[in-house]
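S.K.: compute the structure for the input listed below.
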Amino acid sequence: MLAEERRQKIVEILQKEGRVIAKDLSEMFQISIDSIRRDLTIMEDQGLLQKTYGGAISKIPTPKVRTMPQPESRRYGDGAPHQNAISKLAASLIKEHETVYIGGAGIQYGMLKYLPNDIPFTVITNSMKIAELIRKQENVTSYLIGGKLRAESAGSIIDTLAIEMMSKFTLDIAFITGGGIAANGISTATPEGAAFARMVAQVSRKNICLAPHEKLGQQMFITLTPIEKMDVVITDQAAPETAVQEIRKRNVEIIFADEENGVESL
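M.R.: Numbers count the residues shown, from 1 in each chain. Model prediction:
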């Protein structure tokens, strides 16, 4: 098979499945993984795909810098497998008697079903949805950040009162995310949301960024914190290779969550 024929077949697989694994392609075409990686590099340069660690995914379209929150029915659904893997790995990092922040984003909501139920710990949240569910867990002490309620914020409180209240706490871990996560910072759609998240990162001893692959390399309207403020970035196997390399240059640890069991994959 000629190289161009092989690459066309890779395109067809991507169109059907959304991703390819270099190891699987190597076995399919009976060529070395290095040859497959060269194919993927050429195809990425042609704008046909986005390389990841271990393979490639369909090229992710650049989103608008300001997007409205998804309706709760979508935001607080079951979550995609790669998102659940990140949520599960994040929840596993909570230790006995720690105080942690969990916000109202979908991937933070996804942590709830994986939270430890055999150790005591404390959760601070600005999300009424999170608070309503977490208060029912007997081993968890929970605090809800107060402030003005806004319909468009999907139940998350982010005004100046909330920022002032958040400043009074000290956290062991803050689980932070954003609409865009890149080497030049974590970004979001609104100045209010950015200001609140910035305060969360400021009062936390350890910051962990939840970064599904579709957010990596993207830049939203306003930066909430430099990526260097993160101690760890948790992403998934489909993370764009270029975005990962750029973040690593900032001396930020990146770990990968596996969709099979949600544990670190090195």
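
S.K.: rest of the way, CA atoms for contacts and neighbours
M.R.: Noted.

S.K.: pLDDT weak spots in the stretch 151-266 of the chain?
M.R.: Under the criterion pLDDT under 70, the flagged ranges of the stretch 151-266 of the chain are 151-154, 260-266.

S.K.: ok, which stretches of it are helices?
M.R.: 160-166, 191-203, 241-248 (DSSP state H, counting those that start in this stretch).

S.K.: and for the second one, what's in contact with it?
M.R.: Translated: helix 191-203. 101, 158-159, 162-163, 166-167, 169-171, 174, 176, 187-188, 207, 222-225, 229 (Cα atoms under 8 Å, 6 or more residues apart in numbering).

S.K.: try the last one
M.R.: When contacts are taken as Cα under 8 Å, 6+ apart, the neighbours of helix 241-248 outside the stretch itself are Gln50, Lys51, Thr52, Tyr53, Ala182, Ala183, Leu216, Gly217, Ile227, Ile254.

S.K.: and stretch 91-110, what's its mean pLDDT?
M.R.: Taken as a whole, stretch 91-110 has an average pLDDT of 97.

S.K.: quick one: end-to-end distance for that stretch.
M.R.: 9 Å (Cα to Cα, to the nearest Å).

S.K.: report the buried residues of that stretch.
M.R.: For stretch 91-110, the neighbour count (16 or more other Cα atoms under 10 Å) marks 91, 94, 99-110 as buried.

S.K.: ok, so of these, who is nearest Gln30?
M.R.: Of all the buried residues of stretch 91-110, Ile107 has the smallest distance to Gln30: 38.3 Å, by Cα to Cα.

S.K.: could you look up the next helix or strand downstream of whichever helix or strand that closest one is part of?
M.R.: Ile107 belongs to helix 106-109 when assigned by DSSP states H and E. Note on helix 106-109: by DSSP H and E, the next helix or strand toward the C-terminus is strand 121-125.

S.K.: just the mean pLDDT for that following strand, thanks.
M.R.: Across strand 121-125, the average pLDDT comes to 98.

S.K.: between helix 191-203 and that strand, find me the angle.
M.R.: 150 degrees (axes from the mean of the first three to the mean of the last three Cα atoms, to 10 degrees).

S.K.: ok so, going back, restricted to strands, list the contacts of helix 241-248.
M.R.: Mapping the contacts of helix 241-248 onto strands (DSSP state E) picks out Gln50, Lys51, Thr52, Ala182, Ile254.

S.K.: could I get those as CSV with neighbour count and distance to Tyr143?
M.R.: Listed next are the ones in strands among the contacts of helix 241-248 as CSV, based on neighbours: other Cα atoms under 10 Å; distance: Cα to Cα, whole Å:
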residue, neighbour count, distance to Tyr143
Gln50, 22, 41
Lys51, 26, 41
Thr52, 23, 39
Ala182, 20, 30
Ile254, 21, 29
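
S.K.: ok, which pair from the residues you listed is furthest apart?
M.R.: Gln50 and Ile254 (18.6 Å).

S.K.: quick one: the nearest residue to Pro81 once chain neighbours are set aside from Ile36, how far?
M.R.: Residue nearest to Pro81 in three dimensions, not counting chain neighbours: Glu259, with 5.8 Å by Cα to Cα, 6 or more residues apart in numbering. From Glu259 across to Ile36, the span is 23 Å (Cα to Cα).
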